[in-house]
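Engineer: okay, sequence plus prediction incoming.
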Amino acid sequence: MRMRERRRAEEISCSIIRRLRTASGDWVSGRKIGDALGMSRAAVWKHIMHLRSLGYRIEASTRLGYRLLGPEPLHLQIPESICSRLIVLESTGSTNEFARGIADEAESWTVVIAEVQTAGRGRLGREWLSPPGGVWMSIILRPRAPPSEAFRYTMAASVAVCGSLRDLYGLNARIKWPNDVLVNGRKICGILTEISAELDIINYVIIGIGINANMSVSSLPEEWNATTVSAELGREISRGELIARVLEEMRTLLESGDVYREWVGLSDTINRRVRIQGFGDVSGLAESLDPDGALILRRDDGELVRVLAGDCIHLRSAEQSTGARVGGQQICAGLRG
Ligand code: BTN
């Protein structure tokens, strides 16, 4: 097909989809569509087949015509202008892994989304369950920045998720250090950032975002203390709308926002007693957060330490530990105060 003909065919397909959308799930006869667009019913059928091949779910009946079923496919719900390239996969092991495979050649703001991950990865080498209904996506960024700034991108992701959950659904989402997003004390989103860098410059950053969107809480292990957007709201949401909003908020933040200030403002960890495990075990009062993402912890023996990584447990007063032990240079670097 020549360029002009292809454009014309696309215009017609768009026009058909607009008519079906306007009918809000009701039937529209093939004759009516054909008359409006000056074409035969057979030609309308050809366009319907084309639309189906793009992922639109259109039911056909010889007696009633056509009607649009269910939500539109994910890639059609996300405006093209938000990312440089959008890749939507039916299923993959891990979107972070997939992104890593293309990152050397990819432009900044290439986004990989999967309906299902079969080997989703969490922080600290954990497994991340990724059934249908969730938002499983990885964003490739290529900032001209030193590796010491990498944490800024993870911060921006967690702030953008919180902002989107609040603005779209009124959920009071907060950040548990370093970057888990919680709603009512339960985890709704996890973020896994991976970087490739030289000593002084980042090659690329892959920000993996997992949001428990449309799924039941019972589909997730109880010990994860997780929640989902649909469970909080009592209804399903449009994942496309959520993804688009998260990407928009992240872009705005990284281009013109004060990422660190917003991240601190959303912290659910500051002023709490916490226990950090993973590279050792240390408990104390979370006093503040540094711009490089470190948690400043007042240990039970009164000493102030900078914790760079680990698994953070918010302690309730009954669980407050005594005799905390610091094990592992990696999480505690440099004493302050
Ligand atoms: C965590 O809290 O442990 C981080 C979870 C990150 C999960 C996301 S889902 C999309 C991307 N692909 C992965 O394999 N992991 C991240």
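Structural biologist: Now that the structure is in, tell me what you want to look at.

Engineer: wait, is residue 35 part of a helix?
Structural biologist: Yes: assessed with DSSP: H, G, I helix; E, B strand; the rest coil, residue 35 lies in a helix.

Engineer: distance of residue 104 from the ligand?
Structural biologist: Residue 104 sits at a distance of 18 Å from the ligand (criterion: CB to the nearest ligand atom, to the nearest Å). To be clear about C-beta, it is placed using only N, CA and C from the backbone, and glycine gets the same treatment.

Engineer: which pLDDT value goes with that residue?
Structural biologist: On pLDDT, residue 104 comes in at 96.

Engineer: quickly find the element holding residue 285.
Structural biologist: Taking DSSP states H and E as the criterion, residue 285 maps to strand 281-289.

Engineer: flag every buried residue along the next helix-or-strand element following that strand.
Structural biologist: Remark: after strand 281-289, the chain's next helix or strand is strand 295-299, criterion DSSP H and E. Judged by neighbour count using 16 or more other CB atoms under 10 Å, the buried positions of strand 295-299 are 295-299.

Engineer: ok so, going back, what is the mean pLDDT for the strand holding residue 285?
Structural biologist: Averaged across strand 281-289, pLDDT comes to 93.

Engineer: then stretch 260-276?
Structural biologist: 96.

Engineer: chain center to that stretch, what's the gap?
Structural biologist: 21 Å (CA atoms, centre = their mean, to the nearest Å).

Engineer: can the buried residues of strand 295-299 go into CSV with extra columns for pLDDT?
Structural biologist: Formatted as CSV, the buried residues of strand 295-299 follow (pLDDT from 0 to 100):
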residue, pLDDT
295, 95
296, 95
297, 95
298, 95
299, 93
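
Engineer: returning to what we had before: list the buried ones in the strand holding residue 285?
Structural biologist: Along strand 281-289, these residues count as buried under the neighbour rule (16+ other CB under 10 Å): 281-286, 289.

Engineer: go on, stretch 199-216?
Structural biologist: 202, 204-215.

Engineer: all helices for the stretch 101-250 of the chain, in order.
Structural biologist: 151-169, 229-233, 239-256 (DSSP state H, counting those that start in this stretch).

Engineer: of those, which approaches the ligand most closely?
Structural biologist: helix 151-169 (10.1 Å; CB to the nearest ligand atom).

Engineer: residues in contact with residue 71?
Structural biologist: Residue 71 makes contacts with 77, 238, 240, as judged by CB atoms under 8 Å, 6 or more residues apart in numbering.

Engineer: which residue is nearest the middle of this protein?
Structural biologist: The residue lying closest to the centre of the chain (CA atoms, centre = their mean) is residue 209, at 3.7 Å.

Engineer: show the pLDDT at it.
Structural biologist: Turning to residue 209, the model gives it a pLDDT of 98.

Engineer: tell me the contacts of it?
Structural biologist: 135-139, 157, 161, 189-191, 246.

Engineer: now do residue 269
Structural biologist: Residue 269 is in contact with 175-177, 286, 289, 295, 312, 314, counting by CB under 8 Å, 6+ apart.

Engineer: any idea how far it lies from the ligand?
Structural biologist: Separation of residue 269 from the ligand (CB to the nearest ligand atom): 14 Å.

Engineer: checking that residue next. Helix, strand or coil?
Structural biologist: coil.

Engineer: so what's residue 168 up against?
Structural biologist: 237, 241-242, 245.

Engineer: can you do 10 Å?
Structural biologist: Applying CB atoms under 10 Å, 6 or more residues apart in numbering to residue 168 gives the contacts 229, 233, 237-238, 241-242, 244-246.

Engineer: among those, which ones are buried?
Structural biologist: By 16+ other CB under 10 Å, the contacts of residue 168 give 229, 237-238, 242, 244-246 as buried.

Engineer: where in the stretch 1-150 of the chain is pLDDT low?
Structural biologist: The stretch 1-150 of the chain contains residues with pLDDT under 70 at 1-3.

Engineer: so which residues on it come close to the ligand?
Structural biologist: With the criterion set to CB under 6 Å from any ligand atom, the stretch 1-150 of the chain comes near the ligand through 94-96, 117, 120-123, 126, 128, 130, 136-138.

Engineer: same thing but 5 Å
Structural biologist: 94-96, 120-123, 128, 136 (CB under 5 Å from any ligand atom).

Engineer: how is this protein carved up into domains?
Structural biologist: 2-68, 74-257, 273-332 (automatic domain parsing).

Engineer: and stretch 172-185, average pLDDT?
Structural biologist: The pLDDT scores in stretch 172-185 average 96.

Engineer: near the ligand at all, that stretch?
Structural biologist: No: applying CB under 5 Å from any ligand atom, one finds that stretch 172-185 is not in contact with the ligand, the shortest distance being 5.7 Å.
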